[in-house]
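Undergrad: no sequence for this one, just the structure:
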């Protein structure tokens, strides 16, 4: 099973944001989308599951064209975890149960409850189940969001900055959890992320985006200083630590050439 993005393009009115984006991800793979602020990482995620309708291109999960599916059918195939979840006066249990909405007709079934309880046990969230989400820490709330995504029974999970605003311990806990889900459930995961070193450590594939286009699509072992310098305009040094490449920024910033510039 594959997630295939084929020539996806999107524009806000007259402003082009994405131009002919194509890539594929296999099951049990985690792909990280990287690039400067404003290059369209979040827009790309939202186009994949049709929160935003691309002006051009198609998205396939296996042989199924998502752009020919209903909203409920898309939700049964793809879960989306936004960067910021709205806090409300819901318990974690009820918030997770909302992930079953694509399958609920008139009322919640016993199967829906069983799936929710299974995921809560699996993620060791029993102590959070009856707490209100507007009283939770960022790490706790992110676990609720992941649990809600899992109860949808998706083939693909999209995550927008899953570690944003989390401390180092919570970052490691959430990404280790995501890594376990990818491997255990054969789920394809695509996430946008700013931390290059985190992406190098946890991902099978890296997708660098610049000016609305794919600059590089590589594995972590293929990372080069020139790629990062071209995409971010910052000089870096790459060293290997514990068999994993690590990026260190240097002092100098690469200045773009311009008329009359230095």
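TA: The structure has been received and is ready for your questions. Only a predicted model underlies this, so the values are computations on that prediction, with no experimental measurement involved.
Undergrad: C-alpha only now, for contacts and for neighbours.
TA: Will do.
Undergrad: Where do the helices of the stretch 101-250 of the chain begin and end?
TA: 110-122, 138-150, 168-185, 196-202, 225-232 (DSSP state H, counting those that start in this stretch).
Undergrad: any chance of those in JSON lines, with distance to residue 96 and mean pLDDT too?
TA: Listed next are these as JSON lines, based on distance: least, CA to CA, whole Å; pLDDT from 0 to 100:
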{"stretch": "helix 110-122", "distance to residue 96": "7", "mean pLDDT": "94"}
{"stretch": "helix 138-150", "distance to residue 96": "4", "mean pLDDT": "92"}
{"stretch": "helix 168-185", "distance to residue 96": "16", "mean pLDDT": "90"}
{"stretch": "helix 196-202", "distance to residue 96": "25", "mean pLDDT": "95"}
{"stretch": "helix 225-232", "distance to residue 96": "37", "mean pLDDT": "95"}
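Undergrad: looking at those, which is closest to residue 209?
TA: Proximity to residue 209, assessed across the helices of the stretch 101-250 of the chain by CA to CA, is greatest for helix 225-232 (7.5 Å).
Undergrad: Show residues contacting the closest one.
TA: Here helix 225-232 makes contact (CA atoms under 8 Å, 6 or more residues apart in numbering) with 35-36, 208-210, 215-216, 234-238, 254.
Undergrad: Could you do stretch 11-22 as well?
TA: Residues from elsewhere that reach stretch 11-22, judged by CA under 8 Å, 6+ apart: 4-10, 39-40, 43-44, 54-55, 57, 211-214.
Undergrad: out of the residues you listed, which are buried?
TA: 4-10, 39-40, 43-44, 54, 57, 211-214 (16 or more other CA atoms under 10 Å).
Undergrad: Out of those, which sit inside helices?
TA: Using DSSP state H, the subset of those located in helices is 43-44.
Undergrad: I'd like to know which of the buried ones among the contacts of stretch 11-22 are part of strands.
TA: Counting by DSSP state E, the part of the buried ones among the contacts of stretch 11-22 found in strands is 4-10, 57, 213-214.
Undergrad: Tabulate those residues (TSV), appending distance to residue 142 and pLDDT.
TA: As requested, these are arranged in TSV below (distance: CA to CA, whole Å; pLDDT from 0 to 100):
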residue	distance to residue 142	pLDDT
4	27	96
5	27	96
6	30	95
7	32	95
8	29	95
9	30	95
10	28	95
57	31	94
213	29	94
214	28	96
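Undergrad: Residue 181: which of the residues you listed is nearest?
TA: Of all these, residue 4 has the smallest distance to residue 181: 20.3 Å, by CA to CA.
Undergrad: Can you tell me how far that closest one is from residue 167?
TA: Distance, residue 4 to residue 167, by CA to CA, to the nearest Å: 33 Å.
Undergrad: Residue 152 now?
TA: Distance from residue 152 to residue 167, by CA to CA: 28 Å.
Undergrad: Compare these two (neighbour count), which wins?
TA: residue 152 (25 against 11; other CA atoms under 10 Å).
Undergrad: Who are the contact partners of the more buried one?
TA: Residue 152 neighbours (CA under 8 Å, 6+ apart): 75-77, 79, 99-100, 102.
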